[in-house]
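Trainee: have a look at this prediction, sequence included:
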Amino acid sequence: MPILLVFLFIIVPLAELYVILKVGDLIGIGWTLLILVADSVLGSMLLRSQGRVVWRRFNEAVQAGRVPHSEIIDGVLIIFGGAFLLTPGFLTDIAGLLFLLPPTRAGIRRFARRAIERRAAVRVAGAAVRQGRAGSDDGAAYDVEGTATEVDVETRRLQR
C-alpha cells in the first residue's frame, strides 16, 4: 500500500509534469494549455453522458429485480475516469478515457470483477477454515439460541 501511495502522489505528478513540458516544447505552451482545458471540458461532457447511461441501466436492473453488479462497477469506473479527466495532465487523461469509453471500460470491469471475486473467495474460505476450528479448546465454539416472529406490515400484528 505505501508503494501505491508513493506512485500516486509522487511518480504520477512528476510524469505528468514531464509530459506536459515535453508537449509544451513541441507545440507551444498556448496550444498545450488549450488542449488540457479542452480535454477537461470534453471529459466532463463524456462523464455526464456515460454516467446517465449507467444510472439508467442501474435503475432498469433494480426494477427488473436483478442485483446490479456490473452497473455498480461501471459507476465506480466512471467516477474514477471523470476524476482522471478533470486532473490536468495527458497521462491521467488517457487513463480517464480508458475508464469512460464503454469498450475499454468493459475490459477493465471484467478484470475488476475477477479481482473482487478472488478476494471474496479468499475471505469466505478463510472464514470456513476458522469455523472448522470451532470444536477446538480455544473457546471459539458457542451456540446462539433465539426466536423469530413475523409481523404483518399492514396491520402491524404478529402472525402465528
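Mentor: Thanks, I have the structure now.
Trainee: what strand or helix carries the spatially most central residue of the chain?
Mentor: Nearest to the mean C-alpha position of the chain, counting by CA atoms, centre = their mean, stands residue 76 at 3.4 Å. Secondary structure assignment for residue 76, by DSSP states H and E: helix 69-86.
Trainee: buried residues in that helix?
Mentor: 70, 71, 73, 74, 75, 77, 78, 81, 82, 84, 85, 86 (16 or more other CB atoms under 10 Å). Every C-beta, even on glycine, is put in place using the N, C-alpha and C of the backbone.
Trainee: out of these, which one sits closest to residue 13?
Mentor: Of all the buried residues of helix 69-86, residue 13 sits closest to residue 84, with 12.9 Å by CB to CB.
Trainee: list the contacts of that closest one.
Mentor: Counting by CB atoms under 8 Å, 6 or more residues apart in numbering, residue 84 touches 92, 93, 95, 96, 99.
Trainee: what about 10 Å?
Mentor: 43, 47, 91, 92, 93, 94, 95, 96, 97, 98, 99, 100 (CB atoms under 10 Å, 6 or more residues apart in numbering).
Trainee: if we can go back for a sec, now for the residue nearest to the centre of the chain: which residues touch it?
Mentor: Contacts of residue 76 (CB under 10 Å, 6+ apart): 54, 99, 109, 112.
Trainee: I'd like to know which of these are buried.
Mentor: Buried members of these, counted by 16+ other CB under 10 Å: 54, 99, 109.
Trainee: take those residues and keep only those in helices.
Mentor: Secondary structure from DSSP state H places 54, 99, 109 of the buried ones among the contacts of residue 76 in helices.
Trainee: which one of the residues you listed is nearest to residue 9?
Mentor: Of all these, residue 99 has the smallest distance to residue 9: 19.5 Å, by CB to CB.
Trainee: against residue 85, how distant is the closest one?
Mentor: As for residue 99, its distance to residue 85 is 9 Å (criterion: CB to CB, to the nearest Å).
Trainee: before we move on, back to that, rebuild the contacts of residue 84 as JSON lines, extending it with secondary structure and distance to residue 26.
Mentor: As requested, those are arranged in JSON lines below (DSSP: H, G, I helix; E, B strand; the rest coil; distance: CB to CB, whole Å):
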{"residue": "43", "secondary structure": "helix", "distance to residue 26": "22"}
{"residue": "47", "secondary structure": "helix", "distance to residue 26": "28"}
{"residue": "91", "secondary structure": "helix", "distance to residue 26": "16"}
{"residue": "92", "secondary structure": "helix", "distance to residue 26": "19"}
{"residue": "93", "secondary structure": "helix", "distance to residue 26": "16"}
{"residue": "94", "secondary structure": "helix", "distance to residue 26": "17"}
{"residue": "95", "secondary structure": "helix", "distance to residue 26": "21"}
{"residue": "96", "secondary structure": "helix", "distance to residue 26": "22"}
{"residue": "97", "secondary structure": "helix", "distance to residue 26": "21"}
{"residue": "98", "secondary structure": "helix", "distance to residue 26": "23"}
{"residue": "99", "secondary structure": "helix", "distance to residue 26": "26"}
{"residue": "100", "secondary structure": "helix", "distance to residue 26": "26"}
